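Trainee: Quick one, structure for this:
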Amino acid sequence: MLKLYIGNKNYSSWSMRPWVLLRQAGIGFEQSLIRFDSFDAGSDFRKKIGAISPVGKVPVLDDAGLIVWDTLAIAEYLAERFPDKNLWPASVAARARARSVCAEMHSGFTALRTACPMNIEADLAQAGQLIWRDKPAVRADVARLVAMWRELLAEHQGPMLFGDFSIADAFYAPVCMRLKSYALPVPGDIAAYIGRLSALPGVKAWIDGALAEHDFRDFEEPYRLQR
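Mentor: Model prediction:
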């Protein structure tokens, strides 16, 4: 049985990607949640994950003692391990494009990710209004997302970015959570994609888990003192 180590579901956008990928693809796995207490070197979180992964971060996949870390590496490993699940698109050209947009997510959209940390439980619409007004780099990131998603949805005729659910949708699921929590303005067709993705069983299961945590981490929420 595969084992996936994750952080708090409400906050851990990196953990969300492989968890959603596994769940939506119907690949059996065991979840091990390592609660965020702090990211300091001596924290309980760092000690526990450091004993599993040399980089001391989540997510981490354990396949019978084979340790794989980093979301892209985990996704590629799962695609090789379970070729029948078609986690990447079928055609060479579409696979290349899907890998490109996943890599862009992995290393890009810094302004959006910095200004709008994932918090599924919170209604951050007021904060989102100020961010949208004051941060042109966030508006630029959202514009890029809209253009990319619109092009892919048109080319592959939906309902997901490459037609059927793929690694690309799992990678952008946390961004969808941010856009919803902060109520950042997007066109209707993009809002519809966000709605479809959020309603997928694998994504909904993660959202439900995040809402059930009730674990307020003040260092993850500098914008409020309590829930």
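
Trainee: residues in contact with the worst-scoring helix or strand of the chain on mean pLDDT?
Mentor: Here the helix or strand of the chain ranked lowest by mean pLDDT, DSSP states H and E is helix 44-50, holding a mean of 92. For helix 44-50, the external contacting residues (C-beta atoms under 8 Å, 6 or more residues apart in numbering) are 5, 7, 34-40, 56-58, 60. In short, each C-beta sits where N, CA and C put it, glycine included.

Trainee: Out of these, list just those in strands.
Mentor: Among the contacts of helix 44-50, DSSP state E puts 5, 60 in strands.

Trainee: Narrow the contacts of helix 44-50 to just the buried residues.
Mentor: Buried residues within these, counting neighbours by 16 or more other C-beta atoms under 10 Å: 5, 7, 34, 36, 56, 57, 58, 60.

Trainee: In space, not sequence, find me the middle residue of this structure.
Mentor: residue 174 (3.4 Å; C-alpha atoms, centre = their mean).

Trainee: and it, what does it touch?
Mentor: 13, 14, 16, 17, 118.

Trainee: in what helix or strand does it lie?
Mentor: helix 167-181 (DSSP states H and E).

Trainee: Pop the domain breakdown of this protein in here.
Mentor: Under the assignment automatic domain parsing, the domains of the chain span 2-85, 92-209.

Trainee: any residues touching the longest helix along the chain, and which ones?
Mentor: Ordering each helix of the chain by length in residues (DSSP state H) puts helix 136-156 first. Contact with helix 136-156 is made by 89, 94, 97, 101, 104, 108-112, 115-116, 131-132, 161-163, 168, 172, 175, 179, 184-187, 189-190, 193, as judged by C-beta under 8 Å, 6+ apart.
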